[in-house]
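>>> I would like the atomic coordinates for the input below:
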Amino acid sequence: MALIETDERKPYWRYTKWQMLASIVPFLVLIVVLPMYAAELNARKFLGFPLGYFMAGHGIWLIALFTMAVFVNRQDAIDHWHGANEDS
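Just a heads-up that it's a prediction; the model follows:
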């Protein structure tokens, strides 16, 4: 990481902290809430599988992948905005 000017460090870490929270909290809520409704979801079928099982096996991984991609993209924008990108 490139050196950040002293006056940019505090805003940089504030934005980085909020970005991390905005990425982790929805995923953790999904991890906690999905098992609570597994019985209701399993009453429906999707591609021949119970929906709760299908979402636990495939949906969580896809949501995690999407969350990571958005986080990396947004963090790169924050790095560029504060002059902390690796290219500079």
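>>> neighbours of the residue lying closest to residue 53 once chain neighbours are set aside, just the number please.
Of all residues not flanking residue 53 in the chain, residue 42 sits nearest, at 6.4 Å (C-beta to C-beta, 6 or more residues apart in numbering). Where C-beta positions appear, they are placed from N, C-alpha and C, glycine not excepted. Per other C-beta atoms under 10 Å, the neighbour tally for residue 42 reads 16.
>>> Let me know the pLDDT of residue 42.
Note for residue 42: predicted pLDDT of 88.
>>> For it, give its distance to residue 33.
15 Å (C-beta to C-beta, to the nearest Å).
>>> which other helices and strands contact the longest helix seen in the chain?
Looking across the chain with DSSP state H, the single longest helix is helix 6-36. Secondary-structure packing of helix 6-36 (3 or more C-beta pairs under 8 Å, 6 or more residues apart in numbering; DSSP states H and E): helix 60-82.
>>> And the contacts of stretch 41-58?
Applying C-beta atoms under 8 Å, 6 or more residues apart in numbering, the contact partners of stretch 41-58 are 34-35, 37-40.
>>> The same query, at a cut-off of 10 Å, please.
If you take C-beta atoms under 10 Å, 6 or more residues apart in numbering as the criterion, stretch 41-58 is touched by 30-31, 34-35, 37-40, 59, 62-63.
>>> from the chain's centre, how far out does that stretch sit?
Counting by C-alpha atoms, centre = their mean, to the nearest Å, stretch 41-58 is centred 23 Å from the centre of its parent chain.
>>> Any idea how far apart the tips of it sit?
End-to-end distance for stretch 41-58, by C-alpha to C-alpha, to the nearest Å: 14 Å.
>>> That stretch: which residues count as buried?
41-42, 50-52, 54-56 (16 or more other C-beta atoms under 10 Å).
>>> which ones among these are found in strands?
Those of those mapping onto strands are residue 50, per DSSP state E.
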